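# Sequence first, then the predicted structure:
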Amino acid sequence: MKSSLPALLCLLLFADAARGQVLNIDSCYAMALRNYPLIRQYSLIDKTKEYTLSNAGKAYLPQLSINAIEGYVFGQLPSFGGSGSSGGFKFIGIGQVSQTLWDGGATKTQKEIATASAETEKASTDVSLYDLHQRINQLYFGVLLIDEQLKQLDIQNSVLANNINRARQLHEQGLAYSTDVDEVKAEQLKLHQQKTEFIYSRSGYLMMLSLLTGARLSNDASLQKPFANILSAYSAILRPELTLYKNQRTLVDAQSHMQHVSLMPKIGLIGAGVIFAPGISFGNSTLSSLGVAGLSASWNIGGLYKNSNDKQLTQQQLSKISVQEETFLFNTRLQMTQSAANINKQKAILSEDDEIVQLRQNIRQGYQLKYDNGAGPLMDLLNAAEKEKEARAQKALHEMQWLMSLYDYKTITGHQ
């Protein structure tokens, strides 16, 4: 018995696959994210960050500069102990090698800025991609609603099919008009029109869902009804916008460190050499080359003049981000309150749908009994059947609206 279970399971899975594709809403979210062109933005951001960090790290490599001048020198060059060297064509070569020992923290800060900038861009991409959840919700629950409506039409069609046979029997017994069969057929055709409309609408929804997810969904694809989650479990806000605001603050802080770097001196090693051809006469000797090496230090105090204003600008940027975050949280909480109220309303309406459907079914069965016994007209039965169908359709609509509202609430709060 145990050895036959795997084979049985494989057969069941094969049979299920043969009937058509089965999807759930979470897999649609995942496929849509992978398929959306904007997803390639992440790799581009990583590459940009990699190159920027690599460039920043090269600041401590030795720097070499060479200049060559070939031209006419006017006048006389100075000399010692004799007449100056007369003007003429000269070649002057200048070479300089420098090695940074300490750049005041500029390289470290540039790397921090590159990392913070990349994380901010990723968070911004997250925000853009998060909008896909709402679009998936609309398409997914649109298909589920149509599926429920088709089920109710099938139930109603079975009722009408039974009545066609009954109408023929009663007509043969002289208890019903010949037009009763035509009345039922007309109702069946009406149901068939509604079913055709729903089928084409479902196909359109699946086509858009296919384009959004990148999956080839056939018309017989089956979408699983999602689980109705409890609202209280999703009270906290976990939207990607909050990460974006956090990363924006980190980026502003990293950029503000450059203000401190501009106040720091720069220390390094330097070597320089000069070549003259022809050389410069200094009395009994001729100078044809000159070299110098040592420790270099530079300090630009221009940053002191702007330091106070730069700090104020940084504070203004941080305040601007805080205002944006507070506004987002305020609007999101408003949406949560409205959505929660809508969910509670739909749940209250849904709680009475079962009773309404049962009552409409009882009424239809009562008219069915009267018609079967020749004590009531067919139109009363058809009207009762139509009202039962409407009650079932309303129940299906309310249930899907309730489920969709639950998932909209999850999307608003960021619990995906």
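Cool, the structure landed.
# Please count neighbours and contacts with C-alpha atoms only from this point.
OK.
# Beyond the host helix or strand of Gln312, next helix or strand please.
Using DSSP states H and E, Gln312 sits in helix 302-372. Scanning forward in sequence from helix 302-372 by DSSP H and E, the next helix or strand is helix 378-413.
# mind checking how far that next one is from the chain centre?
In terms of Cα atoms, centre = their mean, to the nearest Å, the centre of helix 378-413 is found 31 Å from the chain centre.
# which helices and strands does that helix pack with?
For helix 378-413, the elements it packs on are helix 106-172, helix 302-372, judged by 3 or more Cα pairs under 8 Å, 6 or more residues apart in numbering; DSSP states H and E.
# Can you tell me which of those helices is most buried?
helix 106-172 (a mean of 19; mean count of other Cα atoms under 10 Å).
# how much does that helix deviate in direction from helix 302-372?
Put simply, helix 106-172 runs at 10 degrees to helix 302-372, going by axes from the mean of the first three to the mean of the last three Cα atoms, to 10 degrees.
# so after helix 106-172, what's the next helix or strand?
Beyond helix 106-172 in the direction of the C-terminus, DSSP H and E gives the next helix or strand as helix 179-213.
# related to what we said a few turns ago, may I see the helices and strands packed on helix 378-413 arranged in CSV, with mean pLDDT and distance to Thr48 as well?
Conversion of the helices and strands packed on helix 378-413 to CSV gives the following (pLDDT from 0 to 100; distance: least, Cα to Cα, whole Å):
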stretch, mean pLDDT, distance to Thr48
helix 106-172, 87, 8
helix 302-372, 89, 24
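# quick check: domain ranges of this structure?
Structural domains annotated on the chain: 22-61+104-264+302-413, 65-102+266-298, as defined by automatic domain parsing.
# just to revisit the earlier point, pipe the helices and strands packed on helix 378-413 into JSON lines and attach distance to Tyr407 per row.
Formatted as JSON lines, the entries for the helices and strands packed on helix 378-413 read as follows, by distance: least, Cα to Cα, whole Å:
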{"stretch": "helix 106-172", "distance to Tyr407": "7"}
{"stretch": "helix 302-372", "distance to Tyr407": "10"}
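# closest one to Asn247 among those helices?
Nearest of the helices and strands packed on helix 378-413 to Asn247, taken as Cα to Cα: helix 106-172 at 5.1 Å.
# how much space between Asp180 and Tyr367?
Distance of Asp180 to Tyr367, given as Cα to Cα, to the nearest Å: 15 Å.
# And Asn165, by the same measure?
The gap separating Asn165 from Tyr367 is 16 Å, by Cα to Cα.
# Ok, Asp408 next?
From Asp408 across to Tyr367, the span is 42 Å (Cα to Cα).
# dump the residue contacts of Arg216.
Going by Cα atoms under 8 Å, 6 or more residues apart in numbering, Arg216 touches Ser210.
# isn't Tyr29 right up against Leu139?
No - look at Tyr29 against Leu139 with Cα atoms under 8 Å: they stay out of range, at 11.4 Å.
# Count the residues that sit near Thr196.
Using other Cα atoms under 10 Å, Thr196 has 13 neighbouring residues.
# Wait, Gln63 touches Val97, no?
Yes - counting by Cα under 8 Å, Val97 is a contact partner of Gln63 at 5.6 Å.
# need the contact list for the closest residue to Gln368 other than its chain neighbours.
Spatially, and ignoring its direct neighbours in sequence, Gln368 is nearest to Leu381 (5.9 Å; Cα to Cα, 6 or more residues apart in numbering). Counting by Cα under 8 Å, 6+ apart, Leu381 touches Arg364, Tyr367, Gln368, Tyr371.
# Can I get these in TSV including distance to Pro37?
Output for these, formatted as TSV (distance: Cα to Cα, whole Å):
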residue	distance to Pro37
Arg364	53
Tyr367	58
Gln368	57
Tyr371	61
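# ok, now how distant is the closest residue to Ala391 other than its chain neighbours from Ala254?
Using Cα to Cα, 6+ apart and skipping residues adjacent in sequence, the residue nearest Ala391 is Val357, 5.4 Å away. As judged by Cα to Cα, Val357 and Ala254 stand 64 Å apart.
# quick revisit: residues contacting the residue nearest to Ala391?
Counted by Cα under 8 Å, 6+ apart, Val357 has contacts Glu388, Ala391, Arg392, Lys395.
# Isn't the last one up against Gln358?
No - with contacts counted by Cα under 8 Å, Lys395 stays clear of Gln358, the gap being 11.3 Å.
# buried ones in stretch 52-63?
Neighbour-count burial for stretch 52-63, counted by 16 or more other Cα atoms under 10 Å, picks out Thr52, Leu53, Ala56.
# Would you mind writing the CA trace of it as PDB?
Below are the C-alpha coordinates for stretch 52-63, written out as PDB (Å, rounded to 0.1, in the frame of the first residue of the first chain):
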ATOM      1  CA  THR A  52      31.900  54.100  -8.800                       C
ATOM      2  CA  LEU A  53      33.400  52.200  -5.800                       C
ATOM      3  CA  SER A  54      36.300  51.100  -8.000                       C
ATOM      4  CA  ASN A  55      37.000  54.600  -9.200                       C
ATOM      5  CA  ALA A  56      36.900  56.000  -5.700                       C
ATOM      6  CA  GLY A  57      39.400  53.300  -4.500                       C
ATOM      7  CA  LYS A  58      41.900  54.400  -7.100                       C
ATOM      8  CA  ALA A  59      42.400  57.800  -5.500                       C
ATOM      9  CA  TYR A  60      45.300  56.300  -3.400                       C
ATOM     10  CA  LEU A  61      47.200  55.100  -6.500                       C
ATOM     11  CA  PRO A  62      50.300  57.100  -7.600                       C
ATOM     12  CA  GLN A  63      49.500  59.900 -10.000                       C
END
